[in-house]
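**Student:** Model the structure of this input:
(one chain, ligands or ions: 2)
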Amino acid sequence: EQQEKWVPRAVNMEIIGTYAQTELGHGTFLRGLETTATYDPNTEEFVLNSPTLTAYKWWPGGLAHTANHCVVVAQLHSKGVNHGVHPFIVQIRDEDTHMPLPGVKVGEIGPKLSFSTANNGFLGFDNFRVPRDSMLMKNAQVLKDGTYVKSRLSKLTYGTMVFIRVMIVTDMAYYLSVGATIAIRYSAVRHQSKPKENEPEPQILDYVTQQHKLFIALASSHAFRVTGQWLWTTFVRVNKALTSGNADTLPELHAVACCLKAVTTRDAASMVEACRMSCGGHGYMTSSYLPILYGITTAACTYEGENTVLLLQTARSLVKAWQKGSKGKPLSPTEAYLMDKSPVPKWENTLDGIIAGFRRVSAGKVQDCVSKIDKLVKMGTSYEDAWNQTSVRLVAASEAHSRAVILATFRAEVSRAAAALSPPLARVLHQLVHLYTVYWALERVGDLLLYTSIAERDVQELQQQYEDLLQKIRPNTVGLVDAFDLRDEILNSTLGAYDGRVYERLMEEALKSPLNAEPVNQSFHKYLKPFMQGKL
Ligand SMILES: CCCCCCCCCC/C=C\CCCC(=O)SCCNC(=O)CCNC(=O)[C@H](O)C(C)(C)COP(=O)(O)OP(=O)(O)OC[C@H]1O[C@@H](n2cnc3c(N)ncnc32)[C@H](O)[C@@H]1OP(=O)(O)O
Ligand SMILES: Cc1cc2nc3c(=O)[nH]c(=O)nc-3n(C[C@H](O)[C@H](O)[C@H](O)COP(=O)(O)OP(=O)(O)OC[C@H]3O[C@@H](n4cnc5c(N)ncnc54)[C@H](O)[C@@H]3O)c2cc1C
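**Tutor:** Ligands and ions are numbered 1, 2, ... in the order given. Here you go, the predicted model:
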């Protein structure tokens, strides 16, 4: 019924909405949100209030001057009892005049690192009344007399966030494809230095260090696209089960969505930054689009769940799985490897060997965390303090788990798809899987030395494998980014345009600056000249 009322109006854009959950005082700790929605059975309304400055909603995208409705997450009070945070759909602006409604204070939060078009806003309520059916009642309900009907699973309120986290993984694949396209095309056009006096300046794409900076971004885009597809399929399956009242698989989805969102956003932000830096000064130009792209990707490390907090959520699940598995209980498919108690096998420098190695690292780290927590608790430390003192290791265990999931999914999905591909295309995709896997083995070689039987000669061989792969991938690099098929209008980059006219585009963009409208800018007459004449 509520969906019939709101969804059609949202689909045809009569309703422009946003998700107003975060407040000035709380973004992570949702149970600490201060906005209140108090039920008045006499009028069958909720009264929304922002009791403190820190209760003001702060950050919601589009809230400042665009949205006329929003989903407000507030502490639900009825019959004198606080039932915790619940979502409400609330009209905040007049649909004709767009004026804020009486009792609503709304506005712009000010300049940010990037995301300048997101119109993030603040929102406060002063005894603002909304009808009872403003409470989104799919999970919990408040009856006309104020009786609260509990949801069968309180965490279903958090479901929106799981959905967005799932989507963000695929978003990161896209952003990395943009960064890799810009930086690799520019690296094919840019010639610099003279390593061989009797030869012309080479393309910077031929410097192996440039390949090391860029090819991982290209491979990661494919790895995250494939993992994002797998995660979406998992989300659809879990959501279908939830619809029929079965929430058994939700905890696993929450855990894997948390760590994949955290790891893919962190990798995307750092690799887009590497793409920017690999383009030298021109990568620092706004017209290259790389600084804007960095601003967008780094924001994802914070929004929809701050990365550390999400990695700790996954760690919570891994520790619980370890404790469950140690009692012989079955584990979820993504965590089942934690109970592999077989002896550490002889190391193999193969994809399967490396994937197995990352699973050993994750299981080893989780076991170390459990042991440390148990030891601290036995010494009289509270569980909460023991958890906090172990939290650096817990985050590392989560990251290792996430990497094992990405490596295994990337390899399995490309192997499955390869049968339907032409041999040359299958070969190139396998090279990207190989590069991605060996790159991360070398990045985390310390962990592999701690938890597997990898030896020095294996590491030397992996380094050589990696450098050979850079050489093999080089001839196909421009073709691989062209295959993302990103139009110039989408790339929006002087460095990444398909025609490679970088220098002409840089100059064309520069000449558009208002500061170039006249040869002598007014600042000379207002400031420089008086200063030079000692008059300032
Ligand atoms: C249509 C296409 C869309 C594409 C979109 C792509 C993105 C586009 C760009 C968007 C740009 C900006 C959007 C950004 C929007 C936002 O940022 S919205 C705000 C996001 N905010 C958060 O994510 C808050 C993070 N905090 C939390 O989730 C919770 O506070 C936290 C889980 C950290 C702690 O909550 P507690 O209630 O204290 O929970 P715990 O005690 O830790 O755990 C209790 C149990 O509940 C389980 N749990 C927690 N969360 C979930 C969940 N989401 N789903 C399922 N289960 C959950 C947890 O595992 C515990 O279970 P256990 O007790 O261990 O069994
Ligand atoms: C571009 C952008 C768009 C956004 N859009 C929206 C939106 O549309 N709607 C919305 O509701 N919100 C939105 N947000 C807000 C976003 O969801 C929050 O900023 C995010 O959830 C983090 O919360 P916080 O800012 O309170 O950070 P905090 O939680 O205060 O984090 C600060 C530090 O504290 C640490 N920390 C916090 N809790 C713990 C813990 N338990 N253990 C260990 N460390 C901890 C964090 O790791 C971090 O290092 C947006 C934010 C950004 C940047």
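**Student:** Next, name the residue at the spatial heart of this structure.
**Tutor:** What sits nearest the mean C-alpha location of the chain, by CA atoms, centre = their mean, is T265, with 3.7 Å.
**Student:** Excluding chain neighbours, what is closest to that one?
**Tutor:** With sequence-adjacent residues excluded and distances taken as CB to CB, 6 or more residues apart in numbering, T265 is closest to A300, at 4.0 Å. Every residue, glycine included, has its C-beta placed from N, CA and C.
**Student:** So the residue nearest to the centre of the chain versus ligand 2, what's the distance?
**Tutor:** Using CB to the nearest ligand atom, to the nearest Å, one obtains 11 Å as the distance from T265 to ligand 2.
**Student:** wait, what's in contact with that residue?
**Tutor:** 168, 172, 297, 300-301, 307 (CB atoms under 8 Å, 6 or more residues apart in numbering).
**Student:** Just give the number of residues close to the closest residue to ligand 2 within the stretch 101-250 of the chain.
**Tutor:** The nearest approach of the stretch 101-250 of the chain to ligand 2 comes at F115, 4.5 Å away (CB to the nearest ligand atom). For F115, the count of nearby residues is 16 (other CB atoms under 10 Å).
**Student:** what sits against it?
**Tutor:** 61, 295-296, 299.
**Student:** now swap in T249 and tell me
**Tutor:** 237-238, 241, 332 are the contacts of T249 under CB under 8 Å, 6+ apart.
**Student:** so how far is A241 from it?
**Tutor:** 6 Å (CB to CB, to the nearest Å).
**Student:** where does this protein dip in pLDDT?
**Tutor:** Applying pLDDT under 70 to the chain picks out residues 536.
**Student:** Strands along that one, start to end?
**Tutor:** Applying DSSP state E to the chain gives strands spanning 19-20, 36-40, 45-49, 57-58, 69-78, 81-91, 104-108, 121-125, 128-131, 141-142, 148-149.
**Student:** Adding distance to ligand 1 and mean neighbour count, write those out as TSV.
**Tutor:** Shown next, in TSV, are the strands of the chain (distance: least, CB to the nearest ligand atom, whole Å; neighbours: other CB atoms under 10 Å):
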stretch	distance to ligand 1	mean neighbour count
strand 19-20	5	24
strand 36-40	18	20
strand 45-49	18	22
strand 57-58	10	24
strand 69-78	9	23
strand 81-91	9	18
strand 104-108	16	16
strand 121-125	13	25
strand 128-131	21	16
strand 141-142	20	20
strand 148-149	18	14
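**Student:** D482 is nearest to which of these?
**Tutor:** Smallest distance to D482 across the strands of the chain (CB to CB): 36.7 Å, for strand 19-20.
**Student:** neighbouring contacts of that closest one?
**Tutor:** 57, 60-61, 63, 70-73, 90, 123, 160.
**Student:** Which members of these additionally contact ligand 2?
**Tutor:** When those are checked against ligand 2 using CB under 6 Å from any ligand atom, the ones in range are 60-61.
**Student:** right, and out of the contacts of strand 19-20, which lies closest to S453?
**Tutor:** The closest of the contacts of strand 19-20, once distances to S453 are taken by CB to CB, is T160, at 44.4 Å.
**Student:** ok, now which ones touch the closest one?
**Tutor:** T160 sits next to 19, 71, 87 when contact means CB under 8 Å, 6+ apart.
**Student:** do Y466 as well
**Tutor:** Y466 touches 435, 438-439, 442, counting by CB under 8 Å, 6+ apart.
**Student:** Kindly tell me how buried the residue nearest to A183 when sequence neighbours are not counted is, as a neighbour count.
**Tutor:** Once flanking residues are discounted, A183 sits nearest to C275: 3.8 Å by CB to CB, 6+ apart. Burial measure for C275: 29 neighbouring residues, criterion other CB under 10 Å.
**Student:** could you check the distance from C275 over to G281?
**Tutor:** To G281, C275 is 14 Å away according to CB to CB.
**Student:** what sits against V238?
**Tutor:** 249-250, 252-253.
**Student:** if we take these, which one ends up nearest to ligand 1?
**Tutor:** Out of the contacts of V238, the member with the shortest distance to ligand 1 (by CB to the nearest ligand atom) is L250, at 5.3 Å.
**Student:** from memory that closest one sits against R152, does it?
**Tutor:** No: counting by CB atoms under 8 Å, R152 is not a contact partner of L250; they are 11.5 Å apart.
**Student:** Max pairwise distance over the contacts of V238: which two?
**Tutor:** Between any two of those, the greatest separation by CB to CB is 7.4 Å, found for L250 and E252.
**Student:** ok, which residues in this protein are in contact with ligand 2?
**Tutor:** 18-22, 26-28, 59-61, 115, 120, 299, 302-303, 305-306, 308-309, 312.
**Student:** switch the cut-off to 8 Å
**Tutor:** Residues of the chain lying close to ligand 2 by CB under 8 Å from any ligand atom are 18-22, 26-29, 57-63, 73, 112, 114-115, 118, 120, 299, 302-309, 312, 388, 391.
**Student:** The residue of the chain found nearest ligand 2: neighbour count?
**Tutor:** Residue of the chain nearest ligand 2, by CB to the nearest ligand atom: G27 (2.3 Å). For G27, the count of nearby residues is 18 (other CB under 10 Å).
**Student:** Over to the one 4 residues further on?
**Tutor:** Residues contacting R31 under the criterion other CB under 10 Å number 8.
**Student:** That one against V85, yeah?
**Tutor:** Yes: with contact defined as CB under 8 Å, R31 reaches V85; the gap is 6.7 Å.
**Student:** just to revisit the earlier point, of all the strands of the chain, which lies closest to K324?
**Tutor:** strand 81-91 (26.7 Å).
**Student:** mind exporting the closest one as CSV, just the C-alpha atoms?
**Tutor:** Taking C-alpha atoms only, strand 81-91 is exported to CSV below (Å, rounded to 0.1, in the frame of the first residue of the first chain):
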residue,chain,number,x,y,z
VAL,A,81,9.0,3.7,24.9
ASN,A,82,12.0,4.2,22.5
HIS,A,83,11.9,1.4,19.9
GLY,A,84,15.1,2.4,18.2
VAL,A,85,15.9,3.8,14.7
HIS,A,86,13.2,3.4,12.0
PRO,A,87,12.8,4.9,8.5
PHE,A,88,10.1,7.6,7.7
ILE,A,89,9.3,9.1,4.3
VAL,A,90,8.9,12.8,4.9
GLN,A,91,8.0,15.7,2.6
